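Enquirer: could you look at this predicted model? Sequence included:
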Amino acid sequence: MDQSVAIQETLATEEDCITSDRGHFETLVKAAVRTWHHKVAAFCFICVIVCACSVRLFIYTHRRMAITADDVSLEDIFPVSRHFEVVEVSSPDELAILGADTRIRVSFQEEVLEVSLPFGSHSRFFLGELNKAWSDVCKSSSHVPKFEWLHKHSKTTGGQAVIKQSLTPLGAKMTKLSKQTGLSQRLHTPDAVAHSPAHQGTRAGPEIAARAVQNEWERYGTCLGEGGAGREDRNDMVRSSSHTPANKAQMLSIPQFGLRDNLIRCELLKNEDQYTHLQDFSFFLATYNVNGQAPKESLAPWLSCSSSPPDVYCVGFQELDLSKEAFFFNDTPREPEWMRAVSEALHPDAKYALVKLVRLVGIMLMFYVKREHAGFISEVEAETVGTGIMGRMGNKGAVAIRFRFHNTDVCVVSSHLAAHIEEFERRNQDYRDICSRLQFRLLDPGCPPLAIMKHNVVLWLGDLNYRISDLDVDHVKNLITKKDFETLHNYDQLKRQMDEEAVFEGFVEGDIQFQPTYKYDTGSDDWDTSEKCRAPAWCDRILWRGKNIKQSTYQSHMTLKTSDHKPVSSLLQIGIKVVNEEAYKKKFEEIVRCIDKMENECIPSVTLSRRELHFQDVKYMEHQTESLTLFNDGQVPCQFEFIQKLDEPTYSKPWLTANPPKGFLAQGAQVDIDLEVFVNRSTAPDLNIGLEHIEDILVLHLERGKDYFLSVSGNYLASCYGTPISTLCQLREPIRDMPLPAVRALTKGGESPEGGDKPLGIPKEIWMMVDHLFRNAIKQEDLFQQPGLRSEFQEIRDYLDTGVPDSLPGSNHSVAEALLLFLESLPEPVVPYSFYQQCLDCYASATQSKKVISMLPQCHKNVFDYLAAFLRELLKNSDHNNLDVNILATIFAALLLRSPTKQDLAEKRKTQEFFQHFLVQDLS
């Protein structure tokens with residue numbers, strides 16, 4: 001959750017929080033006398049604040065959830081000046097884990113503070129921005145910030161906090177960070193690398209050339225963190241408390257790798273077999289849907305069931321917390337409770353370290369590794385993706401952790417897919433969404449994001465929710481009693497979908513020799529005896545994808561009775577590529593010499609399979625892809641990238657993306673580039689009225705080569721999605737039947753072209769969807785909480801745009817989601833932007849709130865009143881549809897009362913309270 005809005009509320013108008021990170025205090029050294037120095041391990045926000053030409057670091061403490069300025073307390077301020085320092089630190093005896101939280105030491109004059117930041121892209125971005133600000137101060141020879149504005153904060157900081165002043169004279173020396181030689185200097189002066197002896201190739205003498213290769217080896221091994229760096233070198237990146245070049249490279253100056261480094265990477269990858277060997281490591285995978293319960297029993301029977309301690313643990317949870325607070329605010333006390341329970345239940349014959357934990361609402365994944373293997377874990381990243389209602393809510397979705405173990409890239413996914421026996425297509429869609437949308441940002445910001453399937457090994461676990469079909473409950477239980485799991489498995493939806501290659505293509509699941517893990521009466525081994533009496537099913541599964549993987553065990557654990565699910569585990573033996581350091585160095589030196597020769601002799605070139613791409617009948621929120629092949633027909637490897645045109649911010653129009661947008665091609669290799677058009681709510685309005693067209697020119701640039709131009713064209717089919725309410729009220733026919741100039745004239749305020757007919761009270765599209773739901777879904781369970789199918793949304797959209805077929809298609813959930821997407825797509829929300837602030841000002845008063853709505857333009861007021869009346873009818877049937885005022889207010893307020901700028905949490909809560917006034921009337 002972005003809680004920096006609470007920080008911004010504490011600042012003056014001229015001050016801006018450009019980035020912040022959440023950490024916790026470790027220790028305070030040589031601190032000035034203050035009242036807050038005892039807050040060891042307290043959570044904090046550390047923020048980079050800009051005011052005029054000066055920068056400073058603000059330190060805040062905060063409550064469990066920081067929503068407004070009242071929830072945070074300014075404790076200290078560090079001016080970013082030449083007396084300012086920030087370095088990575090750790091104790092010599094601390095376990096080295098590349099991927100663990102990062103401890104930094106911030107100092108100014110004699111004041112020193114140590115803070116731990118969570119490992120990942122966000123912390124790297126934060127530190128990069130901080131380093132940039134510090135570098136700008138050090139480079140300045142004409143301006144020394146006075147920081148006079150700090151005095152106004154002296155009364156707001158906690159206790160006796162001292163506001164520190166920058167007294168550095170113009171001629172002051174640089175800090176220790178800037179004094180570093182070697183890598184540190186090269187990172188700040190990239191031209192130095194280009195003119196190094198290693199780039200002079202055959203022109204250098206034998207001794208110089210040998211020295212150049214050694215320098216290149218040292219630079220590459222330190223920067224890239226590949227197998228060339230020994231274990232001790234990698235440990236130093238974490239353990240060392242001195243201002244080493246490796247620390248600075250990892251923490252404050254993320255290296256940008258160019259063509260030469262990518263050439264080396266490519267050649268090393270091609271020749272990987274020459275310097276690596278396979279070694280088996282044991283991975284213990286575990287998944288448990290805990291049904292919102294707190295841990296009530298030891299997890300040792302589940303997590304310590306193997307005879308010998310595994311090398312790696314990957315433990316996933318689903319439904320960690322079912323409360324509304326967890327659903328809407330992603331905040332839960334269950335996380336530390338289950339983390340503690342897991343840590344206490346790991347195999348007792350080994351010592352483990354928690355490398356990474358990631359959570360999305362109730363979906364959590366924990367990654368542990370044996371202490372002796374920690375030094376070989378690197379490139380750790382975590383990401384999440386929600387697939388709930390409107391494709392965003394985190395009640396369903398996935399969390400994932402990727403890492404490099406020795407020389408093998410591993411991705412672990414914990415997911416919770418759509419529920420209910422009939423929703424297997426929705427589960428398939430969730431899987432595809434996770435695969436396409438969950439991408440990892442890498443250490444090198446120049447590299448494109450990494451998808452799940454781009455890893456050597458993919459481990460997928462979780463509550464996949466696939467059920468047993470075509471058998472009645474009694475037949476299922478009879479087969480279980482006979483332990484005829486093979487016959488029962490033939491009716492398993494996941495098996496059937498995998499056999500049809502609809503999902504998990506390329507994945508393997510071991511033989512299932514245990515009874516279904518769902519659904520039990522909580523606290524027992526009895527099958528579900530509730531009114532619904534759900535059929536048993538293997539909801540909880542573990543699958544893998546990759547080479548050199550063997551399964552030792554795959555089992556459920558019936559002794560645990562906390563949940564209505566039983567936990568599942570799998571022990572895998574995975575062949576990991578381990579680097580032979582001497583062989584690696586020899587191959588590396590050979591590659592560098594070869595590249596030196598190639599760079600002096602050849603210019604890159606490519607052939608494109610096509611240069612004109614046309615997209616036919618583009619529709620709202622419907623992906624369309626055209627591909628071209630890029631073939632390296634030159635004599636050397638090449639690096640390509642789509643570059644922005646003059647005076648344009650990006651390489652393409654916002655509705656167009658290239659995948660990959662950049663890359664590297666070995667000599668004689670080729671790559672397929674997908675150009676994808678996707679029109680969303682931000683791009684649809686101008687396309688609907690013809691102000692924008694599906695037309696663009698892309699520039700494909702070759703490093704050290706020429707540019708290639710690609711022409712993109714297409715036609716867009718206008719849609720009611722992304723069209724203003726006022727325009728739709730004047731259209732009695734489907735929008736696709738109207739001439740584009742007529743729609744454009746109506747949108748710009750012209751008269752109705754239909755003989756002066758009176759405008760409709762509300763858009764017919766809204767009426768069709770709401771009327772369908774009123775007649776068919778007033779008692780639908782989990783309405784507006786369970787997603788529909790994308791294919792059905794497309795059918796609904798086409799019906800609204802064309803009037804074909806004769807009736808609205810799709811399931812109740814798909815129609816409900818289509819309505820939400822329609823409201824989200826409106827260029828001007830139901831409550832126009834000009835009324836937004838008035839709604840916030842009177843949110844506490846029902847009378848004043850209704851007065852504001854009465855002043856809306858008539859068509860907007862009609863829509864608001866119509867939707868509110870429909871939602872009140874839904875609430876009258878809450879016993880059946882599981883809806884309440886809070887759920888509907890949370891969902892609809894975000895769509896009806898949208899902010900013209902970024903909306904903070906305080907505003908969101910005000911809009912929800914505002915809308916609640918219209919839901920609670922006439923419910924008797």
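Expert: Cool, got the structure.
Enquirer: span of stretch 377-393 from start to end?
Expert: 32 Å (Cα to Cα, to the nearest Å).
Enquirer: one more: stretch 699-717?
Expert: Termini of stretch 699-717 sit 27 Å apart (Cα to Cα).
Enquirer: any idea how far that stretch is from the chain center?
Expert: Here the centre of stretch 699-717 is set off from its chain's centre by 29 Å, with Cα atoms, centre = their mean, to the nearest Å.
Enquirer: and that stretch, what's buried?
Expert: For stretch 699-717, burial by neighbour count (16 or more other Cβ atoms under 10 Å) applies to 699-702, 705, 708, 710, 712, 714, 716-717. C-beta here means a position set from N, CA and C on the backbone, and glycine is covered the same way.
Enquirer: report the two of those residues separated the most.
Expert: Farthest-apart pair in the buried residues of stretch 699-717 is Gly705 and Leu717; separation 38.6 Å (Cβ to Cβ).
Enquirer: how far away from the center of its chain is stretch 47-64?
Expert: 25 Å.
Enquirer: show me which residues of that stretch are buried.
Expert: Neighbour count says stretch 47-64 has 47-51, 54-62 buried, by 16+ other Cβ under 10 Å.
Enquirer: and Val55, how close does it get to Val87?
Expert: 18 Å (Cβ to Cβ, to the nearest Å).
Enquirer: residues touching Phe58, list them.
Expert: By Cβ atoms under 8 Å, 6 or more residues apart in numbering, the contact list for Phe58 reads 7, 17, 45-47, 49, 74, 76-77.
Enquirer: among those residues, which are located in strands?
Expert: Counting by DSSP state E, the contacts of Phe58 place 17, 45-47, 49, 74, 76-77 in strands.
Enquirer: re the thing from before, now tabulate the buried residues of stretch 699-717 in CSV and tack on distance to Phe424, pLDDT and secondary structure.
Expert: Converted to CSV, those look like this (distance: Cβ to Cβ, whole Å; pLDDT from 0 to 100; DSSP: H, G, I helix; E, B strand; the rest coil):
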residue, distance to Phe424, pLDDT, secondary structure
Val699, 44, 96, strand
Leu700, 41, 96, strand
His701, 45, 95, strand
Leu702, 46, 93, strand
Gly705, 49, 88, coil
Tyr708, 44, 95, strand
Leu710, 40, 97, strand
Val712, 37, 97, strand
Gly714, 34, 97, strand
Tyr716, 33, 97, strand
Leu717, 31, 97, coil
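Enquirer: for those, which one is nearest Leu821?
Expert: Nearest to Leu821 among these, with distances taken as Cβ to Cβ, is Leu717, at 16.7 Å.
Enquirer: just to revisit the earlier point, let me know the closest of the ones in strands among the contacts of Phe58 to Asn271.
Expert: Nearest to Asn271 among those, with distances taken as Cβ to Cβ, is Ile46, at 43.4 Å.
Enquirer: the closest one contacts Leu117, doesn't it?
Expert: Yes. Contact criterion Cβ atoms under 8 Å: Ile46 and Leu117 qualify, at 7.5 Å.
Enquirer: more neighbours, those two?
Expert: Neighbours per residue, other Cβ atoms under 10 Å: of Ile46 and Leu117, the larger number sits with Ile46, 25 against 21.
Enquirer: where does the more buried one land on pLDDT?
Expert: Ile46 carries a pLDDT score of 79 in this model.
Enquirer: tell me the contacts of it?
Expert: 20-23, 57-60, 106, 115, 117, 126.
Enquirer: is it in a bridge, and if so with what?
Expert: Applying DSSP bridges to Ile46 gives these bridge partners: Asp21, Ile59.
Enquirer: tell me how far it lies from Cys138.
Expert: Distance of Ile46 to Cys138, given as Cβ to Cβ: 20 Å.
Enquirer: do the same with Pro829
Expert: Taking Cβ to Cβ, one finds Pro829 at 47 Å from Cys138.
Enquirer: again, but for Leu819
Expert: On the measure of Cβ to Cβ, Leu819 and Cys138 end up 56 Å apart.
Enquirer: tell me which of these two has more neighbours.
Expert: More crowded of Leu819 and Cys138, by other Cβ under 10 Å: Leu819, with 23 against 20.
Enquirer: so that one, which of the three states?
Expert: With DSSP: H, G, I helix; E, B strand; the rest coil as the basis, Leu819 sits in helix.
Enquirer: can you get me a residue count around the nearest residue to it once chain neighbours are set aside?
Expert: Distance criterion Cβ to Cβ, 6 or more residues apart in numbering; nearest residue to Leu819, sequence neighbours excluded, is Met769 at 4.5 Å. A count of nearby residues for Met769, using other Cβ under 10 Å, gives 24.
Enquirer: go ahead and confirm Met769 touches Leu821.
Expert: No. Using Cβ under 8 Å, Met769 is not in contact with Leu821, being 10.2 Å away.
Enquirer: can you report how many residues lie near Asn862?
Expert: 19.
Enquirer: where does His314 fall, secondary structure wise?
Expert: No His there; residue 314 is Cys. If you go by DSSP states H and E, Cys314 is part of strand 312-318.
Enquirer: cool, Thr287 as well?
Expert: With DSSP H and E as the test, Thr287 turns up in strand 276-289.
Enquirer: what packs against the helix or strand that that strand is followed by?
Expert: Later in the chain than strand 276-289, the nearest helix or strand by DSSP H and E is helix 300-303. Under the contact criterion of 3 or more Cβ pairs under 8 Å, 6 or more residues apart in numbering; DSSP states H and E, helix 300-303 touches strand 276-289, helix 334-345.
Enquirer: give the rounded mean pLDDT of helix 300-303.
Expert: Across helix 300-303, the per-residue pLDDT values average to 97.
Enquirer: mind listing what's buried in it?
Expert: Buried, per 16+ other Cβ under 10 Å, within helix 300-303: 300, 302-303.
Enquirer: quick one, what contacts Pro637?
Expert: Per Cβ under 8 Å, 6+ apart, neighbours of Pro637: 262-263, 266, 598, 604, 664-667.
Enquirer: same deal with Leu820?
Expert: By Cβ under 8 Å, 6+ apart, the contact list for Leu820 reads 389-390, 784, 891, 895.
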